[in-house]
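Participant: I would like the atomic coordinates for the input below:
(2 chains)
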Amino acid sequence: GAGVSQSPSNKVTEKGKDVELRCDPISGHTALYWYRQSLGQGLEFLIYFQGNSAPDKSGLPSDRFSAERTGGSVSTLTIQRTQQEDSAVYLCASSRGTERNTIYFGEGSWLTVV
Amino acid sequence: GNSVTQMEGPVTLSEEAFLTINCTYTATGYPSLFWYVQYPGEGLQLLLKATKADDKGSNKGFEATYRKETTSFHLEKGSVQVSDSAVYFCALRNTGTASKLTFGTGTRLQVTL
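Facilitator: Below is the predicted model of the structure:
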């Protein structure tokens, strides 16, 4: 597609429920990233995929967070047993496979846990 | 580890004023440096970048020079406009792999008439 596409754009969920956030990267981009932006905070790295593998998942804050990527394209970030502190904007980004390539961001999924 | 420190906001300026947003970094090796901008209601966009020491990135009247000796990448614009109101993020990325961006906390700029 023309850009990084994320869905849903907004999600309100009850504490304790599971949520899935989807990212569709730019076609041909092998690298995919998830970040979290909390209110008043900077961007916190969560996980990085190269193809279907995740060489860097050091930013996942707890075992309630997981992500997968299939077919080298679409990725899903899953948050189990959501907590109020999980409320944030979850940003997905993608790039071609080398460090010289620009990283492009989606518009994010706004998650509110009530 | 890698880290980016940028000046706290919000920064409020009158239109046509000179802008500086300071950014310093700590990194191993020779990172590439970036400024991203987030306009209200929009996603993050790359504003400019520099990939080696003494490089100057520029776009839309904004400039930043990669200073290895001071580990800095300060963002400047000679004459800001109301449309420049946004949050600006400084970031670095290590070379060698398609590695992640490490961001600063962001600086909100508000430009008034």
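Participant: so which residues on chain A come close to chain B?
Facilitator: Listed as neighbours of chain B in chain A under the rule Cβ under 8 Å from any Cβ of the partner chain: A:4, A:30-31, A:33, A:35, A:41-43, A:45, A:48, A:50, A:55-56, A:59, A:91, A:93, A:95-108. (C-beta placed from N, C-alpha, C; glycine too.)
Participant: ok, now with 7 Å
Facilitator: For chain A, the residues in contact with chain B (Cβ under 7 Å from any Cβ of the partner chain) are A:31, A:33, A:41-43, A:45, A:48, A:50, A:56, A:91, A:95, A:97-99, A:102-103, A:105-108.
Participant: what separation do you get for the spatially most central residue of chain B and chain A?
Facilitator: Centroid-nearest residue in chain B, with Cα atoms, centre = their mean: B:W35, separated by 3.3 Å. B:W35 sits at a distance of 12 Å from chain A (criterion: Cβ to the nearest Cβ, to the nearest Å).
Participant: element containing that residue?
Facilitator: strand B:32-38 (DSSP states H and E).
Participant: partner strands of that strand, with direction?
Facilitator: If you go by DSSP bridges, strand B:32-38 pairs up with strand B:44-50 (antiparallel), strand B:86-93 (antiparallel).
Participant: okay, those strands, which one's buried deepest?
Facilitator: Compared across the strands paired with strand B:32-38, strand B:86-93 shows the largest average neighbour count, a mean of 24 (mean count of other Cβ atoms under 10 Å in any protein chain shown).
Participant: average pLDDT across that one?
Facilitator: Mean pLDDT, strand B:86-93: 94.
Participant: show me how far it is from its chain's centre.
Facilitator: Strand B:86-93 sits 5 Å away from the centroid of its parent chain (Cα atoms, centre = their mean, to the nearest Å).
Participant: and what of stretch A:32-45?
Facilitator: The chain centroid and the centroid of stretch A:32-45 are separated by 9 Å, computed with Cα atoms, centre = their mean.
Participant: cool, stretch A:102-112 as well?
Facilitator: 7 Å.
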